[in-house]
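K.L.:
pasting the sequence and the predicted coordinates here, then a few questions.
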Amino acid sequence: MLDIKFIRDNADVVKGSLEKRGYKFNLDEVIALDEERRKILLELDELRRQKNKANDAITALIKEKKDPKEKIASMKGVAAKIDEIEAKLRVSEEQLSKLLMVIPNVVHESIPVGDSKNNKVVRQWGEAKKPDFNARPHTQICEYLDIVDFARGAKIAGSNFILYKKSGARLERALINFMVDLHTSKHGYHEMWPPALVNRASMTGTGQLPKLEEDMYRLKEEDLFLIPTAEVPVTNIHRDEILDEKDLPIYYTAYTPCFRREAGSYGKDTKGLVRIHQFDKVEMVKFVKPEDSFDELEKLVANAEAVLQALGLTYRVVMLASGDISFAAAKCYDLEAYAPGLDAWLEVSSCSNFLDFQARRANIRYRGKETKKVEFVHTLNGSGVALARTVIAILENYQQKDGSVVIPGVLRPYMGGLDRIERQTGRF
RNA sequence: GGAGGCGUCGCAUAGUGGUUGAGUGCACCGGUCUUGAAAACCGGAGUCUGCGCAAGUGGACCGAAGGUUCAAAUCCUUCCGCCUCCGCCA
């Protein structure tokens, strides 16, 4: 959420940002509503002041054992008027906050303007090269090695739900453990294991609601949502809290499954592991002082890159353009791993700085040591990294001519020493 | 799922209709004392928001939302959360 005072004082900046994002939004309506709201508030406060004064007078009369009847009678009208104006204020505030909730964050000046075609590759690590034999896509590798069962996943839950089998399941678990261990032991993150279902307040706090309700799985009875990312529960750890400056920055990492309905994306990337309804992800979340957030973003990206480097995967870092960046983010880098079987760059991480946008919605603040003032923190998060697509990259990059897949060295201790996945024979 | 209890300013608590936006203790900040510290003593401190260049001056906030009343932390209704016991259960 943007600060209404910021909007008021920087209407041009906000309009410019909306324009860069390609948003159609009438900001002047917001500014007019705010003006009206303040006018009502002024009138209301004055009446309430009169009421408070009169109440003091009534109290004094009672103390002096005098009859307050006359004073009381004269206050009835004021009380009624206050009720009436309070109702007006409520309507005005509701309208305003509804609009404020759907205004996206102001994009940072450093990012390219335009749609996804203007995304900028900042750097690349490794070479995008195909093996010297006929590289197969991961779907064929999975089938040959019998490590992912697409048909049974669909039988159990529905299309684009995945059943990992045997070494496939083990690989998934190995990756999760490897990544969490890396972030906790080398990058200074504290490990968390949050609920995979969250309430409406949490979803609103990080900005998924109200805009993206139809993209999520929802439990009607309880009004709970399956998390689309660990960002939601982990950022909301500190919702409605005032942190101490000395505790900042706070780094958390968490593995969670992630659930996405992907409504409206049918027909797009529907083959294999690219776009599935439930996937695993290790997430990194930061709470930092405002002046540090852009430095922290660079470090966050480096932490995610460390995973891909350790796995020996070729990737590139892409700075998202203003039209492609998410609702709550001011600046965002995607990490894309190269998958030779598909001959495609797959988005496996997204690292964003939200500035105080989420903190304002979720009311996450800190008290300055020197200033004693309470201020909003800046929040960031990044995938470190998302599975399924990383599994694709591993399978397609490490496939051998004989159809087996070599396990990257860092994962072997997590695979019980296994260094290669080979075709399993037998019924199961 | 059933029965009961409870939600007050960082923490613990006092407060059952009118000098209560709210007392006390701990924690916190400043000062006195001390070589320094501790203790003791004195003092200070909540959050949000309106108007104002500012000094300042209003308003709101006792889990949330409604209601009763001239007046609500206090009474009523609904909701949310937590605790205890019983039931069920990985």
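P.N.:
Received, thanks. Numbering: from 1, shown residues only, chains lettered A, B, ... in the order given.
K.L.:
who's in contact with the residue in the stretch 301-428 of chain A that RNA strand B sits nearest to?
P.N.:
Taking CB to the nearest atom of the strand as the measure, the stretch 301-428 of chain A has A:V374 as its residue closest to RNA strand B, at 4.3 Å. Every residue, glycine included, has its C-beta placed from N, CA and C. Residues in contact with A:V374 (CB atoms under 8 Å, 6 or more residues apart in numbering) are A:242, A:365-368.
K.L.:
CSV for those residues, including distance to A:E84?
P.N.:
Formatted as CSV, those follow (distance: CB to CB, whole Å):
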residue, distance to A:E84
A:I242, 36
A:R365, 34
A:Y366, 40
A:R367, 39
A:G368, 41
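K.L.:
so of those residues, which ones are in helices?
P.N.:
The members of the contacts of A:V374 all map outside helices under DSSP state H.
K.L.:
chain A: helices as residue ranges?
P.N.:
Counting by DSSP H, chain A has helices at residues A:4-9, A:11-21, A:27-63, A:69-100, A:138-145, A:150-156, A:166-186, A:200-206, A:231-235, A:293-310, A:357-362, A:389-397.
K.L.:
how about the shortest one and RNA strand B, any contact?
P.N.:
In other words, helix A:231-235. No. Helix A:231-235 stays clear of RNA strand B (CB under 7 Å from any atom of the strand), getting no nearer than 14.3 Å.
K.L.:
same check on the third one?
P.N.:
Yes. If you take CB under 7 Å from any atom of the strand as the test, helix A:27-63 does meet RNA strand B, through A:38, A:41-42, A:44-46, A:48-49, A:51-55, A:58-59, A:62-63.
K.L.:
how many neighbours does the closest residue to RNA strand B within the stretch 151-300 of chain A have?
P.N.:
Closest to RNA strand B within the stretch 151-300 of chain A is A:I242: 6.3 Å, counting by CB to the nearest atom of the strand. Neighbour count of A:I242, defined by other CB atoms under 10 Å: 13.
K.L.:
residue contacts, it?
P.N.:
So A:I242 contacts A:365-367, A:374 (CB under 8 Å, 6+ apart).
K.L.:
who does it form a beta bridge with?
P.N.:
A:R365 (DSSP bridges).
K.L.:
might you list the low-confidence residue ranges for the stretch 201-350 of chain A?
P.N.:
The model of the stretch 201-350 of chain A has pLDDT under 70 over residues A:264-270.
K.L.:
now do the strands in it.
P.N.:
A:218-219, A:224-226, A:241-244, A:250-259, A:278-288, A:315-319, A:331-339, A:344-353 (DSSP state E, counting those that start in this stretch).
K.L.:
now the contacts of A:I242 as TSV including distance to A:E221 and pLDDT?
P.N.:
Converted to TSV, the contacts of A:I242 look like this (distance: CB to CB, whole Å; pLDDT from 0 to 100):
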residue	distance to A:E221	pLDDT
A:R365	33	87
A:Y366	37	87
A:R367	39	82
A:V374	37	84
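K.L.:
let me have these in TSV, extended by distance to A:Q309.
P.N.:
Formatted as TSV, those follow (distance: CB to CB, whole Å):
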residue	distance to A:Q309
A:R365	36
A:Y366	33
A:R367	38
A:V374	40
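K.L.:
which of the residues you listed has the most neighbours?
P.N.:
Neighbour max across those (other CB under 10 Å) = A:Y366, 26 neighbours.
K.L.:
relative to A:K372, how far out is it?
P.N.:
11 Å (CB to CB, to the nearest Å).
K.L.:
repeat that for A:E245.
P.N.:
For A:E245, the distance to A:K372 - CB to CB - is 10 Å.
K.L.:
neighbour-wise, which of those two wins?
P.N.:
Between A:E245 and A:K372, counted using other CB under 10 Å, A:E245 has the larger neighbour count: 15 against 8.
K.L.:
list the contacts for that one?
P.N.:
Listed by CB under 8 Å, 6+ apart, the contact set of A:E245 reads A:289, A:366-369.
K.L.:
chain neighbours aside, what residue packs nearest to it?
P.N.:
A:K369 (4.5 Å; CB to CB, 6 or more residues apart in numbering).
K.L.:
burial of the one you found, as a residue count?
P.N.:
Going by other CB under 10 Å, the residues that sit close to A:K369 add up to 10.
K.L.:
same check, this time on A:A60
P.N.:
Neighbours around A:A60, by other CB under 10 Å: 12.
K.L.:
I'd say A:E191 and A:T256 touch.
P.N.:
No. Applying CB atoms under 8 Å as the test, A:E191 and A:T256 come out as separate, 11.9 Å apart.
K.L.:
tally of neighbours for the residue nearest to A:D223 when sequence neighbours are not counted?
P.N.:
The shortest distance from A:D223 to any non-neighbouring residue, by CB to CB, 6+ apart, is to A:R200 (5.8 Å). Neighbourhood size, A:R200 [other CB under 10 Å]: 14.
K.L.:
and the one 10 residues further on, by the same measure?
P.N.:
If you count neighbours by other CB under 10 Å, A:P210 ends up with 12.
K.L.:
any idea how many residues pack against the closest residue to A:A201 other than its chain neighbours?
P.N.:
Distance criterion CB to CB, 6+ apart; nearest residue to A:A201, sequence neighbours excluded, is A:R239 at 7.2 Å. For A:R239, the neighbour count with other CB under 10 Å is 17.
K.L.:
how far away is A:R239 from A:S167?
P.N.:
40 Å.
K.L.:
which residues of chain A lie near RNA strand B?
P.N.:
Contact residues, chain A versus RNA strand B (CB under 7 Å from any atom of the strand): A:4-5, A:38, A:41-42, A:44-46, A:48-49, A:51-55, A:58-59, A:62-63, A:68, A:72, A:75-76, A:79, A:83, A:90, A:242, A:365, A:367, A:372-374.
K.L.:
list buried residues within those residues.
P.N.:
Buried subset of the residues of chain A next to RNA strand B (neighbour count, 16 or more other CB atoms under 10 Å): A:4, A:44, A:54, A:58, A:68, A:75, A:365.
K.L.:
so what pLDDT did the third one get?
P.N.:
Think A:A54. Looking at A:A54, its pLDDT reads 88.
K.L.:
list the contacts of the closest residue to it other than its chain neighbours.
P.N.:
Nearest residue to A:A54, sequence neighbours excluded (CB to CB, 6+ apart): A:M75, at 5.0 Å. Contacts for A:M75 (CB under 8 Å, 6+ apart) come out as A:51, A:54-55, A:58.
K.L.:
this completes my enquiry, with thanks.
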